[in-house]
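Colleague: Structure for this input, please:
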Amino acid sequence: MLPMSIERLYISPGHNFFGRHGLPAGSNPLQEVAEIECVAGHGVRGDRFFDYKEDYKGQITFFSSEVFEDVCCALGLHGKAPGSTRRNVITRGADLTDLIGKRFSVQGVEFEGVAECKPCYWMDQAIGPGAEEALQGRGGLRARILCTGLLSVDMESLSRSF
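Modeller: Predicted coordinates:
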């Protein structure tokens, strides 16, 4: 188990940015939830990438709240929610880039870190101008789900967030 806490969890039924090059952003709602079901080999139940492709490297995505706070501070942005990154799991306490190429466990669910969630030009629209550049090398983590289980927001994070 990693000393990683889960601050927020998100799912969305559809894509707003992925696969929309040359089109306007989509309008699919992002849902903040207290718990998600991770299904081995398939993804996060209820999310747009569930059963997207066989052995898809982004069955679940992680993003660091520390990185989000740093980027917002550097860009002078206030009032932005980390859900604007469109990642599933917002964490605190772990360097996500260290997990690329490694197996790891969070709340008893096992994952394999596959690749960085590389930021794209949409980040400038979703977060703010300059976000794509500020997130280079720290855009989050794409992972495969190796065993089925539930992830939930840590209780300490719930009391801090609301």
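
Colleague: When you work out contacts or count neighbours from here on, use the C-alpha atoms and nothing else.
Modeller: Fine.

Colleague: Now do the helix ranked longest in the chain: everything it contacts.
Modeller: Longest helix in the chain, counting residues (DSSP state H): helix 65-75. Here helix 65-75 makes contact (CA atoms under 8 Å, 6 or more residues apart in numbering) with 7, 78, 80, 82, 90-92, 128-131, 134-135, 138.

Colleague: And the residues you listed, which is closest to residue 106?
Modeller: Of all the contacts of helix 65-75, residue 106 sits closest to residue 91, with 10.4 Å by CA to CA.

Colleague: so what pLDDT did the residue in the chain sticking out farthest from the centre get?
Modeller: Within the chain, the residue lying farthest from the chain centre (CA atoms, centre = their mean) is residue 22, at 23.6 Å. At residue 22, the model reports a pLDDT of 70.

Colleague: And residue 48, by the same measure?
Modeller: Reading off the model, residue 48 has pLDDT 88.

Colleague: and it, how many neighbours does it have?
Modeller: 17 (other CA atoms under 10 Å).

Colleague: Pretty sure residue 132 sits in a helix.
Modeller: Yes. Residue state for residue 132 (DSSP: H, G, I helix; E, B strand; the rest coil) corresponds to a helix.

Colleague: Start at 3, not 1
Modeller: Got it, the first residue is 3 from now on, which makes the last one we talked about residue 134.

Colleague: Make sure it is actually in contact with residue 127.
Modeller: No. Taking contacts as CA atoms under 8 Å, residue 134 lies outside contact range of residue 127: 9.2 Å.
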